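Asker: When you get a sec, could you give me coordinates for this:
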Amino acid sequence: MNRTQIKCFLSLGRTLNYSKTAEELFMSQPAVSKNIKKLELEMNTKLVNFAHHKVELTVNGQFLWNKLALVDAILDDTVASIQNNDLNGQPTFNIGFTDIPFEDSFLPRFISLVNEKYHYRINLVFLDPNGKVNLIESLKNKTVDLLLFQSDLFSKDKDLASTALLSGGFSVAVSKQNPLASQERLTLKELSGQRVLLWNGNELIPTINELKYEINDKYPNLNITDSYDTAILSIYAGANVAVGIVPSILFNPDSKTVNYVKLKSPMKISYSVGYLREKPEDKQIQNIIKTLKYAINVEKSHW
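Answerer: Okay, here's the model as predicted:
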């Protein structure tokens, strides 16, 4: 099946007239007929009935015509998009992410949607919050256009702004072997006697520091240690030699060794998208933020 055969078949199915199809496609009538016959041979079925100077599509022909018409429309639209936009000039946005499990679940949907609706090209840039790259500087020096991270990171710099995408609090990573894992919520007091690892990436995050202050002030007997790597934290928690406190967005629903139990605390920390303060006026940035929110809400509805 080639493009010429498809064009001949689609035109004939619409005109129901070999002469009109030949005229429409700037072909001879025998050439149109020959392409239809070849298509029928390849499909191993009769697609067109022609009797008494009347053209009709068979049942199989009508079914194939409906499917090919849809595919052809998509193909034409794709070619037009490429020709009109010129991929080299297609708007491209670099989005920084930290590769948490939640991002693995919603980012594919986001990229697909923003490409389909706005024809933007998205480049994902992995930024390790435990590494040497300063996340704020990656925005300020325009290594990335937007950055997905906790809202607190952006609030401490006057040149940055952010939009909350998902609000939450903190969770306790507990081994499934630990009796605490079966509870719906845990208080800091209930963690007494446990070795506690508090996630505190290399970046200064005010809410985490507030939580740390509260623990040191009200629960001085808690054995608490900073942990700069969520993977290491979850390994120790899974081994049941410690419990971990992390922002709720860092939970891993697919963990085979750890349950994530909500920490009863008034402190809230939002998963947000950060950008330079002048960016919100950019219509394209607004479209990206709107699509991020939609993709996250779709993912959230599956929880």
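Asker: Isn't Ser248 up against Ser171?
Answerer: Yes. In terms of C-beta atoms under 8 Å, Ser248 counts as a neighbour of Ser171; the distance is 4.7 Å. C-beta: built from backbone N, CA, C; applies to glycine.
Asker: Please say which of the two ends up with more neighbours.
Answerer: Neighbour count, other C-beta atoms under 10 Å: between Ser248 and Ser171, Ser171 has more, with 21 against 18.
Asker: what are the ranges of the helices in the stretch 1-150 of the chain?
Answerer: Chain-ordered helices for the stretch 1-150 of the chain, with DSSP state H, counting those that start in this stretch as the definition, fall at 3-15, 18-25, 29-43, 59-85, 101-118, 135-140.
Asker: packing partners for the shortest one?
Answerer: Pointing back at helix 135-140 there. Using 3 or more C-beta pairs under 8 Å, 6 or more residues apart in numbering; DSSP states H and E as the contact test, the elements touching helix 135-140 are strand 92-97, strand 146-150, helix 152-155, strand 160-168, strand 269-276.
Asker: The fifth one now?
Answerer: With contacts defined as 3+ C-beta pairs under 8 Å, 6+ apart, helix 101-118 has these neighbours: strand 121-126, helix 283-300.
Asker: so the first one versus helix 283-300, what angle?
Answerer: When you say that, I think you mean strand 121-126. 70 degrees (axes from the mean of the first three to the mean of the last three C-alpha atoms, to 10 degrees).
Asker: which stretches of the stretch 1-150 of the chain have low pLDDT?
Answerer: 76-89, 131 (pLDDT under 70).
Asker: thinking again about what came up before, let's have the helices of the stretch 1-150 of the chain in JSON lines, adding mean neighbour count and distance to Ile232.
Answerer: Listed next are those as JSON lines, based on neighbours: other C-beta atoms under 10 Å; distance: least, C-beta to C-beta, whole Å:
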{"stretch": "helix 3-15", "mean neighbour count": "19", "distance to Ile232": "55"}
{"stretch": "helix 18-25", "mean neighbour count": "17", "distance to Ile232": "65"}
{"stretch": "helix 29-43", "mean neighbour count": "16", "distance to Ile232": "58"}
{"stretch": "helix 59-85", "mean neighbour count": "13", "distance to Ile232": "45"}
{"stretch": "helix 101-118", "mean neighbour count": "16", "distance to Ile232": "15"}
{"stretch": "helix 135-140", "mean neighbour count": "18", "distance to Ile232": "20"}
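Asker: Give me the contacts around stretch 155-167.
Answerer: 136, 139-140, 148, 151, 154, 204, 206, 249, 268, 270-277, 279-280, 289, 292-293, 296, 300 (C-beta atoms under 8 Å, 6 or more residues apart in numbering).
Asker: Give the PyMOL command for selecting the buried subset of those residues.
Answerer: For anyone working in PyMOL, the buried entries among the contacts of stretch 155-167, judged by 16 or more other C-beta atoms under 10 Å, can be selected with:
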select buried, resi 136+139+148+151+154+249+270+271+272+273+274+275+276+279+289+292+293+296
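Asker: can you pull the contacts of the closest residue to Thr291 other than its chain neighbours?
Answerer: With sequence-adjacent residues excluded and distances taken as C-beta to C-beta, 6 or more residues apart in numbering, Thr291 is closest to Val114, at 4.7 Å. By C-beta under 8 Å, 6+ apart, the contact list for Val114 reads 120, 122, 287-288, 291.
Asker: Any of those residues buried? List them.
Answerer: For the contacts of Val114, a burial check counting by 16+ other C-beta under 10 Å picks out 120, 122, 287-288, 291.
Asker: Most widely separated two among those residues?
Answerer: With distance counted by C-beta to C-beta, no two of the buried ones among the contacts of Val114 lie farther apart than Ile122 and Asn287, which are 11.7 Å apart.
Asker: Touching, Thr257 and Lys176? I think so.
Answerer: Yes. Taking contact to mean C-beta under 8 Å, the distance of 6.1 Å between Thr257 and Lys176 places them in contact.
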